[in-house]
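Student: no FASTA, just this:
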């Protein structure tokens, strides 16, 4: 240190692979450091996308008014002057792999917002970034596995040189060894990035739109061009067909709940930057839908978003990440076949837009559409007669029921049941229904899972009813499909705190009937292809977007839809358990059977936080507190899922609402 208190600071400029030594004082702010550095370089170029990175502390020095002393930077520090936007190999839900520039300096939440804007995907808050996981990572504890990889690499790992010529040490170890991109110089994607999509001539050295290079990468500065948006939308709204065999290298097939839970270790922290979490330039990451709460799916604006949700749903079923019955799988196969058949056909929406443009009636189209929607919504609320206004809707009929208990044989009892408001009353006979019921169950906030086998005409519902002692289970069995549809619709509304008086009841009944009609089995056993074709006959009149939407709705109707699992240990307990987090509830799940042990609704959750000293998640409900550590993922990941779903539930119908990043980070940050 000199007499004037100044000292030398070494900074490596990654673009030029050169090092400069500056004489600075501790009270010099970061903006002044960068000005000094640029003056010392004396090279005329745009440095606006550059910032200072401190590898040893794994932090961006991004606040221009903060001084070196305030950051704790001393003479022994070695800083990097590097671009904030870097190229990543990004796999999206349809398994296409794009080479895109992402912001490595801002929070992951903000980086995903920017990425979705460029890809034409609304509601970016539903998506996030995962690191690539090898299939072997599911076979043992992911933390131990990755720690072992780090130690193994530690002895041989030295300062590597990236594409910019900079030497740095990756705190998480190189992902290149894990990345499937190392398997093929041209890239492993079955579509070899976006350059293989329809409308692109791979033989040309440059995309006809001048936004894509020959290998499908993006040209600098082309991100917001209209031509880029056009080719991207076409490629992302209509994904190229990929066989299961080709996609196998990207699909993880978890065999049990523990392996499903281990998948969630790979989610990045939304409140930190990519760089801070060990992601480096040209590495492989996965961007997909993290939260299964899809808001305002509108075919007019969401062609890309609907397709990517459809693709994620499709691959989750084909990889057996979500379970379904044979009849349901035939239905999904029929939808998939219809999507493939419609992909090359002109769609009604396109022809309608063309004709409307020719007739110059575009302003009236929106008005007509709004009037139609208003008419439909009013029709759904019209009561059948004036007397309905004072009567309370109810269901009644003979139902068989069963309350499963340990060490008991399965035996259904017959009863006359009446469902009114959010209660089901059980009577021995219809004649007794005017008296006191033998049993009465409040199904408000319940879980209603279908228990169906259409081939054997089995129509059942498994009800999980919340109570002070946890979830009590009741199985209902019905004699006909008609009866099942009405009772299932009533139970679904009750799970949301609604009754059959709600205007959506009739729509819910019809929706369940439609879903069952698409699963109807053939009268005699038939080969697989024939069964799919028979199921396809029920959906062959759907256009492309209708087929995808029907697929998504059927996927959402599955009992296991949208549940994210974590392996946990409750405080003062050595026993491992499974915690399930969904868009509307939190569950304790039996690790062996997969049965729900207890369910908590978000409206009973008073507070949620992380005790950072012992790294425990604390969930305070109205009647109890759940305090646990996570074994399969970071405690922050669990907290972020819960806070994220609460954030998504606060979205309003206001079309002008803006995305409140500050509120999201507050709800998911892990603090009180």
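Tutor: That came in fine, so what should we check first? Not measured: the values here are computed from a predicted model.

Student: Where does the record place the domain boundaries for this structure?
Tutor: 7-83, 90-323, 391-556, 564-668 (automatic domain parsing).

Student: Which residue, other than its chain neighbours, is closest to residue 325?
Tutor: Nearest residue to residue 325, sequence neighbours excluded (C-beta to C-beta, 6 or more residues apart in numbering): residue 452, at 6.9 Å. C-beta: built from backbone N, CA, C; applies to glycine.

Student: now the end-to-end length of stretch 260-269.
Tutor: With C-alpha to C-alpha, to the nearest Å applied, stretch 260-269 spans 19 Å between its terminal residues.

Student: ok, residues contacting it?
Tutor: Residues from elsewhere that reach stretch 260-269, judged by C-beta atoms under 8 Å, 6 or more residues apart in numbering: 108, 128-133, 137-138, 141-143, 146, 252, 254, 274, 277, 279, 286, 290, 321, 564-567, 578, 632-634, 636-637, 640.

Student: can you rerun that using 7 Å?
Tutor: If you take C-beta atoms under 7 Å, 6 or more residues apart in numbering as the criterion, stretch 260-269 is touched by 108, 128-131, 133, 137-138, 142, 252, 254, 277, 290, 321, 564-567, 578, 632-633, 636-637.

Student: what does stretch 480-489 give?
Tutor: Taking C-beta under 7 Å, 6+ apart as the rule, stretch 480-489 contacts 395, 397, 419, 448, 450, 459, 461, 476, 478, 505, 508-509, 512-513, 516.

Student: pLDDT on it, on average?
Tutor: On average, the pLDDT along stretch 480-489 is 94.

Student: Give me the buried positions along it.
Tutor: Buried residues in stretch 480-489, counted by 16 or more other C-beta atoms under 10 Å: 481, 483, 484, 485, 486, 487, 488, 489.

Student: now swap in stretch 83-98 and tell me
Tutor: 83-98.

Student: Would you mind measuring the gap between the ends of it?
Tutor: Terminal-residue distance, stretch 83-98 (C-alpha to C-alpha): 20 Å.

Student: Give me the contacts around that stretch.
Tutor: Against stretch 83-98 from outside (C-beta under 7 Å, 6+ apart): 49-51, 99-105, 181, 187, 189, 191, 193-194, 239, 242, 247, 250, 281-289, 307-308, 311-312, 315.

Student: Give me the subset of those residues that lies in strands.
Tutor: Taking DSSP state E, the ones among the contacts of stretch 83-98 that sit in strands are 50-51, 99-103, 284-289.

Student: most surrounded residue in the residues you listed?
Tutor: Among the ones in strands among the contacts of stretch 83-98, residue 287 has the most neighbours (other C-beta atoms under 10 Å), with 25 neighbours.

Student: okay, and for this protein, where does confidence drop off?
Tutor: 1-3, 140-232, 349-391, 406-410, 470, 521-526, 655, 672 (pLDDT under 70).

Student: Show me where the stretch 1-150 of the chain has its helices.
Tutor: Ranges of helices within the stretch 1-150 of the chain are 30-41, 68-71, 108-119, 142-154, based on DSSP state H, counting those that start in this stretch.

Student: before we move on, what about the stretch 451-600 of the chain?
Tutor: Taking DSSP H, counting those that start in this stretch to define them, one finds helices in the stretch 451-600 of the chain at 481-495, 504-517, 528-536, 544-556.

Student: and those helices as CSV, adding distance to residue 343?
Tutor: Formatted as CSV, those follow (distance: least, C-beta to C-beta, whole Å):
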stretch, distance to residue 343
helix 481-495, 32
helix 504-517, 23
helix 528-536, 15
helix 544-556, 6
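
Student: which one of these lies closest to residue 73?
Tutor: helix 544-556 (50.5 Å; C-beta to C-beta).

Student: Packing partners of that closest one?
Tutor: helix 303-318, helix 326-342 (3 or more C-beta pairs under 7 Å, 6 or more residues apart in numbering; DSSP states H and E).

Student: which of the residues in it are buried?
Tutor: 544, 545, 546, 547, 548, 549, 550, 551, 552, 554, 555.

Student: these two touch, right, the first one and residue 343?
Tutor: It refers to residue 544. Yes. Between residue 544 and residue 343 a contact is recorded at 6.4 Å, counting by C-beta atoms under 7 Å.

Student: how far away is residue 130 from residue 288?
Tutor: For residue 130, the distance to residue 288 (C-beta to C-beta, to the nearest Å) stands at 7 Å.

Student: Any chance of CSV for the helices and strands packed on helix 544-556, columns mean neighbour count?
Tutor: As requested, the helices and strands packed on helix 544-556 are arranged in CSV below (neighbours: other C-beta atoms under 10 Å):
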stretch, mean neighbour count
helix 303-318, 22
helix 326-342, 21
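
Student: of all those, which lies closest to residue 588?
Tutor: helix 303-318 (22.9 Å).

Student: how far does that closest one sit from the chain's center?
Tutor: Here the centre of helix 303-318 is set off from its chain's centre by 11 Å, with C-alpha atoms, centre = their mean, to the nearest Å.

Student: and which of the buried residues of helix 544-556 is nearest to residue 63?
Tutor: Of all the buried residues of helix 544-556, residue 552 has the smallest distance to residue 63: 42.9 Å, by C-beta to C-beta.

Student: give the contact list for the closest one.
Tutor: Per C-beta under 7 Å, 6+ apart, neighbours of residue 552: 309, 310, 313.

Student: repeat for residue 13
Tutor: Applying C-beta under 7 Å, 6+ apart, the residues near residue 13 are 20, 41, 81.

Student: repeat that for 10 Å
Tutor: Neighbour list for residue 13: 19-20, 37-38, 40-41, 43, 47, 50, 80-82, 164-166 [criterion: C-beta atoms under 10 Å, 6 or more residues apart in numbering].

Student: on that earlier part again, could you dump the buried residues of helix 544-556 to TSV with distance to residue 444?
Tutor: Shown next, in TSV, are those (distance: C-beta to C-beta, whole Å):
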residue	distance to residue 444
544	39
545	35
546	34
547	35
548	33
549	30
550	30
551	31
552	27
554	26
555	26
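
Student: closest to residue 439 among those residues?
Tutor: residue 554 (33.5 Å).

Student: My read is that the closest one contacts residue 535, right?
Tutor: No. Taking C-beta atoms under 10 Å as the definition, residue 554 is not a contact partner of residue 535, at 11.5 Å.

Student: which residues touch the helix or strand hosting residue 666?
Tutor: Applying DSSP states H and E as the criterion places residue 666 in helix 661-668. Contact with helix 661-668 is made by 107, 109-110, 113, 125, 269-271, 608, 636-637, 639-648, 650, 660, as judged by C-beta under 10 Å, 6+ apart.
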